[in-house]
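> how would this look folded up:
(2 chains, ligands or ions: 2)
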Amino acid sequence: MSNYSVRADALLKTFGRRLIFNNLSFEFKKNGIFGIAGANGSGKSTLIKIIAGLISPTRGSIIHTNEGKVIDSEHLHNYIGFVSPYLILYDEFTAWENLSYFAKIRGVKFDEERIKFLFYRFSLQTRKDDYVKAYSSGMKQRLKFIFALMHKPVLLIFDEPTSNLDDEGKAVVYEMIKEEGGKNIVIVASNEKTDISLCPEIIVLENYKE
Amino acid sequence: MKSYALFQKDINSELRTRYAVNSLAMFVIVAISVILFSIGNEKISENLTGGLYWVVIFFSAMSGLARAFVSEEERGTTLTLQLIASPSTVFTGKLIFNLILVFAMNSVITLLYAALFDEFVIKNFLLFFITFVVGNIGLAVSSTVIAAIIAKAGSKGTLYPVLSFPILLPLILTSVQLTLFAMDGTRFGEAIFELAIIVCYDIIMISASYMLFDFIWKD
Ligand SMILES: Nc1ncnc2c1ncn2[C@@H]1O[C@H](COP(=O)(O)OP(=O)(O)OP(=O)(O)O)[C@@H](O)[C@H]1O
Ligand SMILES: [Mg+2]
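Ligands and ions are numbered 1, 2, ... in the order given. Modelled structure (predicted):
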């Protein structure tokens, strides 16, 4: 089990005069699957980006700790695995090259065995040397999961995890989410009932609109 | 090391897409040809040659160096970079790329210039060399940070010349002056004031860029 925790304190986010959510507090600890639900435009992706440190909240704070020590924003990215529809990999490289560059830029070891296993798990093993340009949207979605899992992060953040996936792909993702949720923190934001039904704890953003 | 890996990624990407190099090469060739044709057989003064030399450098830099961040923003890969690297890694990686590009581009411009313009004769070579090095560093640093700002501002190419002009003005003016000194054969001691300005400019731009970049990079 991980010793990671994410704590949000009275988050407020506005875009111009539009309030997205207000007074949102939570704490995710050690392991588990946590859901974020809400209608289109309710702020799921926004909340997820704030948790990942990609954008700042208008007010309130978000604190990541590992083994009791607070993680500063310079190092946060290596603890996180992130999948979302607006994540884009480099078209001009092959899937394998993309991942190998990412490992080097992250400054972590490129664990070929693990990557091969992940390609196998997401049924892309025969296509790993194809250019990402030539991938279908479902294949790209599978590749994003390999990208998110390759460095063994303790915090996994999935925005619409099953978009573009076929039934077999969804089954692999659900199985992986359950497995990761047993040891790490998994956050799932989605409109899919089946995605959300994996989560024992759910934040419904409609409850934080004033 | 991490920024070096990012630099390698960019070099490889550039080798496959040729985006920056093509637009740079086109610009340099067109600019120098236009100057050559417009001069014709007339003799032009040393002052003008030195000035035009920096005009070519300034505008070529603008056409190529902004690619560093604009290409990531256009393709939507900014988020990917944010997920794998800290802001300082990203800035250093992009800066190395632009440094290499600036030095390569300006070496070519200088050689072309020396070959094509009879008036472009350097008497104090060491002074010219130092000006070239510190001037190019300043150019690379400022263009990198300006590129980051315009990529985020979302107005892409158009804002670049407008924003870079006031920031680059002190650098360009001093570099032109130092180049003229080098062409005149002015001794080192008499150029020390201008050299000091340009070195200070580099130091200020480097520190300001690293401080600012965190804010530019994460909205
Ligand atoms: N950069 C931005 N500038 C202005 N408004 C924004 C910005 N990003 C998001 N918004 C607004 O914030 C609200 C929440 O957007 P968000 O993308 O978080 O919704 P979501 O819950 O993920 O929706 P969906 O289910 O469609 O993915 C929307 O009303 C959107 O218009
Ligand atoms: Mg969304």
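> helix/strand/coil for the residue with the largest distance to the centre of chain B?
Distance from the centre of chain B peaks at B:N41, with 30.4 Å (CA atoms, centre = their mean). Each residue gets one of three states, and B:N41 gets coil by DSSP: H, G, I helix; E, B strand; the rest coil.
> for it, give me the pLDDT.
Here, the pLDDT recorded for B:N41 equals 79.
> so who does it touch?
With CB atoms under 8 Å, 6 or more residues apart in numbering or on different chains as the criterion, no residue contacts B:N41. Placement of C-beta: from N, CA and C, glycine included.
> how many residues are close by A:L12?
15 (other CB atoms under 10 Å in any protein chain shown).
> how near is the closest residue to chain A within chain B to A:G41?
Per CB to the nearest CB, B:A5 is where chain B lies closest to chain A, at 3.5 Å. Going from B:A5 to A:G41 by CB to CB, to the nearest Å gives 38 Å.
> neighbour count winner among these two?
B:A5 (21 against 11).
> list the contacts of that one.
So B:A5 contacts A:101, A:104-105, A:107, B:93 (CB under 8 Å, 6+ apart).
> what segments of chain A are helices?
Secondary structure of chain A (DSSP state H): helices at A:44-51, A:95-106, A:112-121, A:137-149, A:167-183, A:193-196.
> of those helices, which is nearest ligand 2?
helix A:44-51 (3.2 Å; CB to the ion).
> for chain A, which residue occupies the most central location?
Centre-nearest of chain A using CA atoms, centre = their mean is A:I157, 2.1 Å out.
> I'd say that one and A:V83 touch.
Yes. Using CB atoms under 8 Å, A:I157 is in contact with A:V83, at 7.4 Å.
> quick one, helices of chain B?
B:2-17, B:19-39, B:46-65, B:67-75, B:78-84, B:87-116, B:125-153, B:159-184, B:192-217.
> and chain A, is the fifth one touching that?
What that stands for is helix B:78-84. Yes. Interface with chain A: helix B:78-84 contributes B:79-80, B:82-84 (CB under 8 Å from any CB of the partner chain).
> the worst-scoring helix or strand of chain A on mean pLDDT packs against which elements?
Taking mean pLDDT, DSSP states H and E as the measure, chain A has helix A:193-196 as its least confident helix or strand, at a mean of 91. Judged by 3 or more CB pairs under 8 Å, 6 or more residues apart in numbering or on different chains; DSSP states H and E, helix A:193-196 is in contact with strand A:32-37.
> what's the strand it packs on in contact with?
Outside strand A:32-37, the residues touching it (CB under 8 Å, 6+ apart) are A:26, A:28, A:44, A:47-48, A:177-178, A:181, A:185-191, A:195-196, A:198-205.
> which of the residues you listed are buried?
For these, a neighbour count by 16 or more other CB atoms under 10 Å in any protein chain shown gives the buried set as A:26, A:28, A:44, A:47-48, A:177, A:181, A:185-190, A:195-196, A:198-199, A:203, A:205.
> got the contact list for residue 1?
Chain wasn't specified; assuming chain A. A:30-31, A:183.
> should've been chain B
Counting by CB under 8 Å, 6+ apart, B:M1 has contacts A:G107.
> and it, how close does it get to B:I96?
12 Å.
> so what's A:V83 bridging to?
Going by DSSP bridges, A:V83 is paired in beta bridges with A:F158.
> repeat for A:T65
Going by DSSP bridges, A:T65 forms beta bridges with A:S5, A:V70.
> from ligand 2, how far out is it?
From A:T65 over to ligand 2 the distance is 27 Å, taken as CB to the ion, to the nearest Å.
> neighbours of that residue, just the number please.
14.
> for it, which residues are in contact?
A:4-5, A:7, A:71.
> give the ChimeraX command for selecting the buried subset of the contacts of A:M1.
This is the ChimeraX syntax for the buried subset of the contacts of A:M1, where burial follows 16+ other CB under 10 Å:
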select /A:31
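> show me which of the contacts of A:M1 is closest to B:A114.
B:A114 lies nearest to A:K183 out of these, by CB to CB, at 64.9 Å.
> so, low pLDDT: which residues of chain B?
The model of chain B has pLDDT under 70 over residues B:154-158, B:160-161.
> closest to the centroid, which residue in it?
B:L139 (3.7 Å).
> format the residues of helix B:78-84 next to chain A as JSON lines; extra columns: distance to ligand 1.
Output for those, formatted as JSON lines (distance: CB to the nearest ligand atom, whole Å):
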{"residue": "B:L79", "distance to ligand 1": "12"}
{"residue": "B:T80", "distance to ligand 1": "18"}
{"residue": "B:Q82", "distance to ligand 1": "15"}
{"residue": "B:L83", "distance to ligand 1": "17"}
{"residue": "B:I84", "distance to ligand 1": "22"}
